[in-house]
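**Q** structure here, sequence nowhere to be found:
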């Protein structure tokens, strides 16, 4: 079964500096029918204007992934990390017992467009930790590249949950297939472009939950970028 999540049905938060779309319930957006999918709790698509950002704030017991689509995001946290996240980088911050962090668009001219993803860890009270790796476009072009996994295999960042994240950049007409074990579920998020999932069209911002299917076939109608979560 494939259950589609239309981009226009997402929650929205707008301020003078932030335009955010919420696939699942988040902050003031409450939708009891969309509280997450398995261990995937949050997918926010955020656009931040130049010279603005999220001031220091705290989290606990969550694996938080940031993935930049355009621009650059400055990150600082209470562990002493100070980094810049650019397209192709995957940042994983495990809040554990508690972490304070901030994200800022340091550019004076260019907005930043990124996805913020929360995954519920298998354990609470973990030691806070941080990891960031770059995955070149050539590694993601025409294939599903594993970028996050519980054992950090294939150079992926490490998650504290039975969850794997793949990213693919597809040219128009390219197709990839991902098999699905009977007891697992998939979430697909279209970051850019237009694709068809098992024959059904999805556009930028659309999502889909997949369970009980032997596989998903993803075919790009235009040049596209997709995120695929394989969840226990």
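**A** Sure, I can see it. Note that this is a predicted model, so its numbers are computed, not measured. Numbering: from 1, shown residues only.

**Q** excluding its backbone neighbours, what's nearest residue 182?
**A** What sits nearest to residue 182 in space, not counting adjacent residues and going by Cβ to Cβ, 6 or more residues apart in numbering, is residue 212, at 7.7 Å. In short, each C-beta sits where N, CA and C put it, glycine included.

**Q** phi and psi next, for the one you found.
**A** Main-chain torsions, residue 212, degrees, to the nearest 10: phi 80, psi 10.

**Q** how much space separates it from residue 186?
**A** Noted for residue 212: a distance of 11 Å to residue 186, by Cβ to Cβ, to the nearest Å.

**Q** could you do residue 83 as well?
**A** Using Cβ to Cβ, one obtains 30 Å as the distance from residue 83 to residue 186.

**Q** about what we covered before: the residue nearest to residue 182 contacts residue 1, correct?
**A** Yes: between residue 212 and residue 1 there is a contact at 5.1 Å, judged by Cβ atoms under 8 Å.

**Q** re the thing from before, and residue 83 and residue 186? Which one has more around it.
**A** When residue 83 is set against residue 186 and neighbours are counted by other Cβ atoms under 10 Å, the residue ahead is residue 186, at 25 against 14.

**Q** residue 27 against residue 18, yeah?
**A** No: with contact defined as Cβ under 8 Å, residue 27 does not reach residue 18; the gap is 11.1 Å.

**Q** between these two, which one's more packed in?
**A** More crowded of residue 27 and residue 18, by other Cβ under 10 Å: residue 18, with 16 against 11.

**Q** ok, now which ones touch residue 62?
**A** For residue 62, the set of contacting residues under the criterion of Cβ atoms under 8 Å, 6 or more residues apart in numbering consists of 41, 94-95, 118-121.

**Q** rerun at 10 Å
**A** In this structure, residue 62 makes contact with 41-42, 93-96, 99, 118-121, 124, 160, judged by Cβ atoms under 10 Å, 6 or more residues apart in numbering.

**Q** just the helices in the protein please.
**A** For the chain, applying DSSP state H gives helices covering 137-140.

**Q** quick one: furthest residue from the center of it?
**A** residue 108 (25.5 Å; Cα atoms, centre = their mean).

**Q** for residue 83, see how far away residue 124 is.
**A** 26 Å.

**Q** next: residue 158.
**A** From residue 158 over to residue 83 the distance is 17 Å, taken as Cβ to Cβ.

**Q** and residue 220, by the same measure?
**A** On the measure of Cβ to Cβ, residue 220 and residue 83 end up 31 Å apart.

**Q** again, but for residue 45
**A** Plainly put, residue 45 is 21 Å away from residue 83 if you go by Cβ to Cβ.

**Q** cool, residue 20 as well?
**A** For residue 20, the distance to residue 83 - Cβ to Cβ - is 22 Å.

**Q** mind listing what the residue nearest the centre of the chain touches?
**A** Taking Cα atoms, centre = their mean as the criterion, residue 117 is the residue nearest the geometric centre of the chain, at 4.4 Å. Counting by Cβ under 10 Å, 6+ apart, residue 117 makes contact with 23, 40-44, 63-67, 90, 92, 148, 165, 189, 227, 229.

**Q** do the same with residue 64
**A** So, once contact is read as Cβ under 10 Å, 6+ apart, residue 64 ends up touching 41-42, 91-95, 99, 101, 116-119, 130.
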